[in-house]
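*Asks:* this is a predicted model, with the sequence first.
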Amino acid sequence: MNDIDLGDFDIDPELLAMLEPAVELRPLKYMRKMFRIEDEFQEFHRRIENISSEKDRRLAFLDVRFARSGNVVFKNKTFMFTETFLFGSRKECAALAEQRGGIFKNSKKPTLDLDYLVLGEKDPVWKEGVFFGKIEHGFELIEQGHRLQFVSETDFLSAVGSIK
């Protein structure tokens, strides 16, 4: 039963070694199982590549859509705050924006009239390309062509400090 030549098939050597004992028992059943596992293995790697490339795309996109401290305008602009802030509570950060003429928007998700989504930096999973909740929705709005800009807590506080 060991006379089956698998050299014509493109099979992962590690996978082949793992399934080698089954060859002696049932060669055809073994080959079907091997191809099914190989297909699943390749699909898994395609998914990982897609996740990785999606993460890179989002990180690059996020970087482009970040308003740096010198570009943050407060007067009559709407601000929303998300994640955990090093500076203080979201309300304290919102008060800083309002003192400078900004409008605090307290909502569960960004809307079309939002100008800035300020991202807290205490546990910044968004810096790793992990988006959920308000950040995910903001990302979707931007992809649809809306004007929303992300602002890091550091850039927000820097902009606050530069306003006289």
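*Replies:* Everything's here; your move.

*Asks:* quick check: F79 is in a helix.
*Replies:* No: F79 is assigned strand when assessed by DSSP: H, G, I helix; E, B strand; the rest coil, not a helix.

*Asks:* quick one: it and K105 touch, right?
*Replies:* Yes: F79 sits in contact with K105 when judged by CB atoms under 8 Å, with a separation of 6.5 Å. Bear in mind the C-beta positions are built from the backbone N, C-alpha and C, glycine included.

*Asks:* what do these two both touch?
*Replies:* L114 (CB atoms under 8 Å, 6 or more residues apart in numbering).

*Asks:* and stretch 121-139, average pLDDT?
*Replies:* In this model, stretch 121-139 has a mean pLDDT of 74.

*Asks:* hang on, the earlier thing: okay, F79 and K105: which has more neighbours?
*Replies:* Applying other CB atoms under 10 Å to F79 and K105 shows that F79 carries more neighbours, namely 23 against 18.

*Asks:* mind checking how far the residue lying closest to the more buried one once chain neighbours are set aside is from D39?
*Replies:* Nearest residue to F79, sequence neighbours excluded (CB to CB, 6 or more residues apart in numbering): A97, at 4.4 Å. From A97 across to D39, the span is 53 Å (CB to CB, to the nearest Å).

*Asks:* swap in E14?
*Replies:* The gap separating E14 from D39 is 16 Å, by CB to CB.

*Asks:* and the chain, what are its domain boundaries?
*Replies:* Following automatic domain parsing, one finds the domains of the chain at 13-63, 66-162.

*Asks:* have a look at A97 and D39 and say which one is more surrounded.
*Replies:* A97 (24 against 10).

*Asks:* looking at the domains of the chain, which has the lowest confidence?
*Replies:* domain 13-63 (a mean of 63).

*Asks:* ranges for the helices of the protein?
*Replies:* If DSSP state H is used as the criterion, the helices of the chain fall at 13-19, 27-64, 90-99, 133-143, 153-162.

*Asks:* isn't L96 up against V160?
*Replies:* Yes: contact status for L96 versus V160: in contact at 5.0 Å, counting by CB under 8 Å.

*Asks:* the two: which is more packed in?
*Replies:* L96 (21 against 18).

*Asks:* the nearest residue to K75 once chain neighbours are set aside: what's it in contact with?
*Replies:* Counting by CB to CB, 6+ apart, G101 is the residue found nearest to K75 once chain neighbours are left out, at 3.9 Å. Taking CB under 8 Å, 6+ apart, we find G101 in contact with 74-77.
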